[in-house]
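Asker: Got a sequence here, can you build the structure:
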Amino acid sequence: MERTFFNFDLALDRTDDGEFVRVTASPADEAVGPFQPPLSQREVTSFHQSLLTQSGTEAQQTIRQVGERLYRAIFTGNIRLCWDESLRLAYEQRAHLRLRLNVQAAPEYADLPWEYLYDPQRQEFAGLTPHTPLVRHVDLKQPVAPFRVEPPLRMLVVVANPGGQPLYDEEDVWLRLVDTLDHLAVERKMVLERLIPATVHELQRRLRNNQYHILHYIGHGVYDGLAQEHRLLFENEMGRTRPVNSQHLGALVHDHFALRLVTLQACPTAQPARQNPFIGVAQQLLRRGLPAAVAIHQPLPPAAHLPLADDFYRAVADLTPVDLALTEARRLRWITAQDPTWGEAALFLRITDGGLFVRPPESRPTQRRTFFSWRRP
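Answerer: Below you'll find the model as predicted:
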């Protein structure tokens with residue numbers, strides 16, 4: 001089904017006069033308004049922890065309260081008027097209005113749970129609404145075209161469990177993921193391969209010798225405050241910890257043109273950090289040319305992240321635009337299980353639309369041209 005999209009581009013900006021929100025592009029022109037941080041770092045940490053302990057009415061109230069605070073910090077004055085008019089214009093055209101949030105100029109606000117933006121007037125979460133899918137946008141001028149692919153898609157899974165870090169049952173994590181997604185292999189829509197050993201050298205060798213469309217990383221991430229670097233922890237040849245910064249990882253995936261999507265997931269024993277390393281790595285990968293990345297805010301129990309991954313990858317394998325794929329996966333988790341962790345998956349996008357893959361044009365059989373005909377009398 002053909003879909004029409006408009007983009008509503010919001011950017012957090014900082015000048016000598018203070019912090020601002022700017023609408024840099026929309027169906028209803030541009031706008032600017034003041035910005036006041038809606039949540040402290042302590043409140044952000046407390047919010048993420050509460051999602052793992054609360055349920056039912058209590059959880060609904062928590063995410064709505066936080067979502068409304070985020071919403072009111074952004075949509076004030078002219079920003080709100082521009083948003084309402086853009087919604088009206090999109091509705092008239094029966095189009096989706098993609099909300100693209102850019103925080104490159106104010107990176108300290110990247111850890112805020114923007115996926116839970118809640119409009120109290122319409123009583124809806126932007127992250128659950130297909131007609132207003134929310135993405136974190138990295139604005140780069142180089143265009144990225146969808147990759148032409150004939151299914152099945154190929155996914156490379158990294159389950160890094162290096163010594164020196166809290167260890168977990170990596171075989172159980174791998175088998176749970178395989179059991180969840182095996183129906184895609186049966187339907188010849190997606191093939192999963194595991195990176196063994198989970199080293200940088202093996203990753204480089206695999207990317208050099210094979211073609212992969214999705215990279216799924218499960219493991220630890222850290223933030224080095226002294227170097228101001230976000231790092232993923234791989235294994236070295238002895239099974240110990242090998243930190244890999246986002247610049248190095250970006251260089252590895254930069255030339256692997258088929259790779260369209262990277263998912264970064266904390267392992268069950270990962271500890272929350274003041275600055276989420278997976279968010280930082282996702283941003284840097286897009287700056288190095290990756291079209292899209294999904295970063296999970298915190299370690300989630302299998303009952304939460306596996307159904308979300310199943311619904312998300314099922315839609316991606318059907319070549320659905322990645323922002324709609326994640327929005328639909330979130331909606332299913334909220335509708336079927338009332339799981340408040342649906343917004344813990346943040347989508348970073350640098351392409352104009354969400355189309356990561358496209359089928360190659362069908363080859364048509366060559367028709368013989370008849371230059372003359374001859375019949376026996």
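
Asker: use CA for all of it now, contacts and neighbours both
Answerer: Will do.

Asker: which residues sit in contact with residue 36?
Answerer: 19, 73 (C-alpha atoms under 8 Å, 6 or more residues apart in numbering).

Asker: Wasn't it part of a helix?
Answerer: No: counting by DSSP: H, G, I helix; E, B strand; the rest coil, one finds residue 36 to be coil, located in no helix.

Asker: Please report phi then psi for it.
Answerer: As for residue 36, its main-chain torsions (degrees, to the nearest 10) stand at phi -120, psi 130.

Asker: Any figure for the gap between it and residue 144?
Answerer: Look at residue 36 and residue 144: by C-alpha to C-alpha, to the nearest Å, they are 34 Å apart.

Asker: Quick one: low-confidence residue ranges for the stretch 151-300 of the chain.
Answerer: Across the stretch 151-300 of the chain, the ranges flagged by pLDDT under 70 are 272-274.

Asker: Where do the strands of it begin and end?
Answerer: 153-159, 190-194, 214-219, 221-224, 229-235, 241-245, 261-266, 292-296 (DSSP state E, counting those that start in this stretch).

Asker: could you give the angle of the third one to strand 292-296?
Answerer: Looking back up the chat, that one is strand 214-219. 20 degrees (axes from the mean of the first three to the mean of the last three C-alpha atoms, to 10 degrees).

Asker: Adjacent strands (with direction) for strand 214-219?
Answerer: Taking DSSP bridges as the criterion, strand 214-219 forms sheet pairs with strand 153-159 (parallel), strand 261-266 (parallel).

Asker: re the thing from before, so which of the strands of the stretch 151-300 of the chain is the most surrounded?
Answerer: strand 292-296 (a mean of 25; mean count of other C-alpha atoms under 10 Å).

Asker: Residue 56 reaches residue 334, doesn't it?
Answerer: No: with contact defined as C-alpha atoms under 8 Å, residue 56 does not reach residue 334; the gap is 10.8 Å.

Asker: Comparing these two, which shows the higher neighbour count?
Answerer: When neighbours are counted by other C-alpha atoms under 10 Å, residue 56 and residue 334 differ, and residue 334 comes out ahead with 16 against 11.

Asker: Give me the contacts around the helix or strand harbouring that one.
Answerer: Using DSSP states H and E, residue 334 sits in helix 322-337. If you take C-alpha under 8 Å, 6+ apart as the criterion, helix 322-337 is touched by 127-130, 133-135, 307-309, 311-313, 315-316, 339-340, 342-343, 347, 354-356.

Asker: I'd say residue 133 and residue 95 touch.
Answerer: No: counting by C-alpha under 8 Å, residue 133 does not reach residue 95; the two are 11.6 Å apart.

Asker: And these two? Which one has more around it.
Answerer: residue 133 (23 against 16).

Asker: Let me know the pLDDT of the more buried one.
Answerer: Here, the pLDDT recorded for residue 133 equals 91.

Asker: mind listing what it touches?
Answerer: So residue 133 contacts 96, 97, 98, 99, 126, 127, 323, 324, 327 (C-alpha under 8 Å, 6+ apart).

Asker: So which of the residues you listed is the closest to residue 173?
Answerer: Nearest to residue 173, judged by C-alpha to C-alpha, of the contacts of residue 133 is residue 327 at 24.5 Å.

Asker: Check the closest one and give its pLDDT.
Answerer: Confidence score, pLDDT, at residue 327: 95.

Asker: How many residues are close by it?
Answerer: What residue 327 shows, counting by other C-alpha under 10 Å, is a neighbour count of 26.

Asker: what does the one 3 residues further on give?
Answerer: A count of neighbours around residue 330, defined by other C-alpha under 10 Å, yields 26.

Asker: Could you list every helix and strand that the lengthiest strand in the chain packs against?
Answerer: For the chain, the longest strand by residue count, based on DSSP state E, is strand 5-15. Judged by 3 or more C-alpha pairs under 8 Å, 6 or more residues apart in numbering; DSSP states H and E, strand 5-15 is in contact with strand 18-25, helix 77-92, strand 96-102.

Asker: circling back: got the contacts of residue 133 as CSV, with distance to residue 284 columns?
Answerer: Below are the contacts of residue 133 laid out as CSV (distance: C-alpha to C-alpha, whole Å):
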residue, distance to residue 284
96, 28
97, 26
98, 22
99, 21
126, 25
127, 23
323, 19
324, 23
327, 23
